[in-house]
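Trainee: any chance you could fold what I've pasted below:
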Amino acid sequence: MKGIPLTSSIGHPHSLPVSAFGTPLLAGAIALSMGPAALAEPLATLELGDMPLRNQELIAGPTRVVIIEFDPLNFDTDETQYLTYGVYINDDFQTQVRQAVDFRFANFSLQNLDPDGVPEVVFHRYTGGAHCCSIYTIYSAQGDRLHRNLTYPLDAAAAGGFEDIDGDGYSEFLSADQRFLYAFGSYASSWPPNIFLTFRHGSLIDTTRQFPDRLRSTAYTMYEHTRDNPGLGANSILAGYVGQKVLMGEYESGWDYMLAHYDSTDTWGLTEYSTDGEEMGTFADYPEALESFLLDLGYLTVNGDPNPNLDLSRVVVEQESLL
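Mentor: Sure thing, here's the model as predicted:
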């Protein structure tokens, strides 16, 4: 099926302001999680903000997105608003999506995430909240099928966008393990370990351990903070630090550093609760609680050893499918 006639065309970059996607209050934590920023420039971008859109088109190479209908949230009524869009590759219809508008701001961008010459469609929507949430939908042509990845709602600390870290033509999605947020301290002191997912053949693959320089840079910043600010949210930062050291293959030295610097007076995270909020018990101390936490998250095996098979892609990617 060929594309429908359109009333207008937009093919130039039009970036959504960063603040519209909930620029976090904790710039230090984001820099710590992401490393130096050098995100790839999209080939074309179209903003969905507070104005209705009809039959708007975004084109880069053989990839085309048609915004058939978009009506922004109306806070004065309870009426449901909708976004309807279609994706085309080489003028061949691939998919059409109609969804209720659950976001305050969003944008579509066309980006070369791999070297096959066919730009991917990246739909990034921001739902609003204290630090949350960004959701990414990525469409990629794979042969005669369209591949889709959908992320979980990602906290500001976990939604860093795409960058080709090593310059090999395959972009990495920069994220962080948001399960560490609030586990042993406030958001301001929760600095989660890095997650790097490489986009290959339509999938986001965990390649975190392949970027040791980035991991080491983040770990060193955590180390500096706990060294220079003893007791100031130390347990929350140290949780991320030990997780990071697992990914670096240096679990033992990370654990030893934690033992020498944790705050024994801080009780945040020592009480266990069930999913319905009932208190289940209390750990004897922070190291015991942290070990249990790392076991639950898969950073450690049941024997308490670092897990070499930890796959962090499942922390970020909620659904993956061929359309």
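
Trainee: switch to C-alpha atoms for all contacts and neighbour counts from now on
Mentor: Fine.

Trainee: what about the helices in the stretch 151-300 of the chain?
Mentor: Remark: helices assigned in the stretch 151-300 of the chain by DSSP state H, counting those that start in this stretch are 212-228, 234-247, 251-261, 286-297.

Trainee: rounded mean pLDDT for the longest one, please.
Mentor: If you average the pLDDT over helix 212-228, you get 94.

Trainee: just the angle between it and helix 251-261, please?
Mentor: Angle, helix 212-228 to helix 251-261, by axes from the mean of the first three to the mean of the last three CA atoms, to 10 degrees: 20 degrees.

Trainee: so what does helix 212-228 touch, helix or strand wise?
Mentor: On a contact count with 3 or more CA pairs under 8 Å, 6 or more residues apart in numbering; DSSP states H and E, helix 212-228 meets helix 27-34, helix 234-247.

Trainee: and these, which one is worst for confidence?
Mentor: helix 27-34 (a mean of 40).

Trainee: output the contacting helices and strands for the next helix-or-strand element following that one.
Mentor: Counting by DSSP states H and E, the next helix or strand C-terminal to helix 27-34 is strand 44-48. Using 3+ CA pairs under 8 Å, 6+ apart, the elements in contact with strand 44-48 are strand 53-60, strand 105-111.

Trainee: tell me the strands beside strand 44-48, with direction?
Mentor: Counting by DSSP bridges, the strands paired with strand 44-48 are strand 105-111 (antiparallel).

Trainee: what's the angle between the helix or strand just after the strand it pairs with and strand 53-60?
Mentor: Note on strand 105-111: by DSSP H and E, the next helix or strand toward the C-terminus is strand 120-126. Strand 120-126 and strand 53-60 are oriented at 130 degrees to each other (the same axes, to 10 degrees).

Trainee: now the chain, which segments are flagged as low pLDDT?
Mentor: The chain contains residues with pLDDT under 70 at 1-40.

Trainee: my read is that Lys55 contacts Val66, right?
Mentor: Actually, residue 55 is Asn rather than Lys. Yes - in this structure, Asn55 is within contact of Val66 by CA atoms under 8 Å, at 6.3 Å.

Trainee: higher neighbour count, these two?
Mentor: Val66 (21 against 18; other CA atoms under 10 Å).

Trainee: tell me the bridge partners for that one.
Mentor: Glu57, Gly86.

Trainee: which residues are in contact with it?
Mentor: Applying CA atoms under 8 Å, 6 or more residues apart in numbering to Val66 gives the contacts 55-58, 85-87.

Trainee: format these as CSV; extra columns: distance to Ala284.
Mentor: Putting the contacts of Val66 into CSV (distance: CA to CA, whole Å) gives the following:
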residue, distance to Ala284
Asn55, 61
Gln56, 60
Glu57, 59
Leu58, 57
Tyr85, 54
Gly86, 55
Val87, 55
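
Trainee: please identify the buried residues of stretch 212-220?
Mentor: Residues of stretch 212-220 classed as buried: 214-219 (neighbour count, 16 or more other CA atoms under 10 Å).
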